[in-house]
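J.: Need a 3D model of the sequence below.
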Amino acid sequence: MIQNYQVTLIDKNKKYRPVSAIIKIEQNNDGDLTLDAKYKKEIINKGIVKICQKRGWGKKELRIYNYLTALVRKYDNTKN
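T.: Below you'll find the predicted structure:
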């Protein structure tokens with residue numbers, strides 16, 4: 001089963017708007033992987049890589065724009 005997770009990078013100074021990406025993870029059950037620290041870190045790293053690729057950024061730009069805080073949540077894209 002493929003589950004979607006949203007990774008959001010936030011500037012604590014609120015000078016820049018948050019940036020986010022949706023990551024697709026293949027998993028065996030319907031559980032939330034963000035509850036396990038190991039999987040949460042992997043999801044965050046994949047999200048950072050996707051955001052940097054999309055915007056043409058590197059580690060330098062993340063530090064310049066102060067995007068040093070990451071949030072992760074399970075993303076449900078089904079409409080009720």
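J.: gap between the two ends of stretch 5-25?
T.: In stretch 5-25, first residue to last residue: 8 Å (CA to CA, to the nearest Å).
J.: Can you point out the buried residues in that stretch?
T.: Residues of stretch 5-25 classed as buried under the neighbour-count rule (16 or more other CB atoms under 10 Å) are 5-10, 19-21, 23. From N, CA and C alone the C-beta is placed, and that goes for glycine too.
J.: just stretch 45-65 next, same as before
T.: 46-48, 51-52, 57, 62, 65.
J.: average pLDDT across that stretch?
T.: Model confidence over stretch 45-65 averages 94 on the pLDDT scale.
J.: Report the distance from that stretch to the chain centre.
T.: Using CA atoms, centre = their mean, to the nearest Å, we find the averaged C-alpha position of stretch 45-65 to lie 11 Å away from the chain's own average C-alpha position.
J.: Run through who's touching that stretch.
T.: Counting by CB atoms under 8 Å, 6 or more residues apart in numbering, stretch 45-65 makes contact with 5-7, 9, 11, 16, 19-21, 23, 68, 70, 72, all of which sit outside it.
J.: After the lengthiest helix in the chain, which helix or strand is next? Please name it.
T.: Among the elements of the chain assigned as helix by DSSP state H, the one spanning the most residues is helix 37-55. Past helix 37-55, further along toward the C-terminus, the next helix or strand under DSSP states H and E is helix 59-64.
J.: Show me what the helix or strand following that following helix is packed against.
T.: Following helix 59-64 in sequence order, the next helix or strand is strand 67-75 (DSSP H and E). In terms of contacts (3 or more CB pairs under 8 Å, 6 or more residues apart in numbering; DSSP states H and E), strand 67-75 is packed against strand 2-11, helix 37-55.
J.: quick revisit: any chance of the buried residues of stretch 5-25 in TSV, with pLDDT too?
T.: Putting the buried residues of stretch 5-25 into TSV (pLDDT from 0 to 100) gives the following:
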residue	pLDDT
Y5	94
Q6	95
V7	96
T8	96
L9	96
I10	95
V19	96
S20	96
A21	96
I23	94
